[in-house]
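Asker: The sequence and its predicted three-dimensional model are supplied below.
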Amino acid sequence: MRWLGIDPGLRTTGFGVIELEGQQLRYISSGIIESGEVALGLPHRLGTLYQGVQEVLLHYQPDAAAIEEIFLNVNPRSTLMLGQARGAVIAALVSTGLSVSEYSARGIKQAIVGTGRANKTQMQEMVKRLLKLKKSPSPDAADALGVAICAAHHHQVQMTKAKR
């Protein structure tokens, strides 16, 4: 099954595509979608995110998608902006009929690193190891791959429970 993980952000949104066959994880691709300069205005930047996600969906044809849940930031304006970016990304995902699951940052870190308080470097290193990559992905891509891995494993656990 092919999974798309998304680490949403207004400036850069990370994406990661993996496959899980049996117990084997396989790296397909990862990268970032940049929304453009602040001067372009929020509607244009959100449209750019939407289009970028649509292009990733078209190119990689995932079976399911997962996105990191929003977290409360110290700056309320930042939280609102992140929420709008998430909305654009989720709209792009569901427009193709994909099922979208959501996971907290703490839950993703717990699933990947073993602690919900893992830092960016720890996430990058564990994603590199789990996917047998030669070098660590960028922080945004590593977080997105972590979302995809978390979702794939969660789905696998649910399927195992359903068979019992």
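Answerer: Yep, it's here. Numbering: from 1, shown residues only.
Asker: Regarding stretch 31-48, how distant is the last residue from the first?
Answerer: Using CA to CA, to the nearest Å, one end of stretch 31-48 lies 15 Å from the other.
Asker: what do you get for stretch 56-72?
Answerer: Chord length of stretch 56-72, first to last residue, is 28 Å (CA to CA).
Asker: Figure out how far that stretch is from the centre of its chain.
Answerer: 5 Å (CA atoms, centre = their mean, to the nearest Å).
Asker: Not counting it itself, show me its contacts.
Answerer: 1-8, 15, 17, 28-29, 33, 79, 82-83, 86, 89-90, 92-93, 96, 98-105, 108, 143, 147-148, 150-151, 155 (CB atoms under 8 Å, 6 or more residues apart in numbering). All C-beta atoms are positioned from the backbone trio N, CA, C, and that covers glycine.
Asker: Would you mind checking those for buried ones?
Answerer: 2-8, 15, 17, 28, 33, 82, 86, 89-90, 92-93, 98, 102-103, 105, 108, 143, 147-148, 150-151, 155 (16 or more other CB atoms under 10 Å).
Asker: Now intersect the contacts of stretch 56-72 with the strands, please.
Answerer: Cross-referencing those against strands under DSSP state E gives 2-7, 15, 17, 28-29, 33, 100-103.
Asker: ok, now which ones touch the nearest residue to Ala118 once chain neighbours are set aside?
Answerer: Distances taken as CB to CB, 6 or more residues apart in numbering place Lys109 nearest to Ala118, at 4.2 Å, with adjacent residues excluded. Shown in contact with Lys109 (CB under 8 Å, 6+ apart): 115-118, 122-123, 146.
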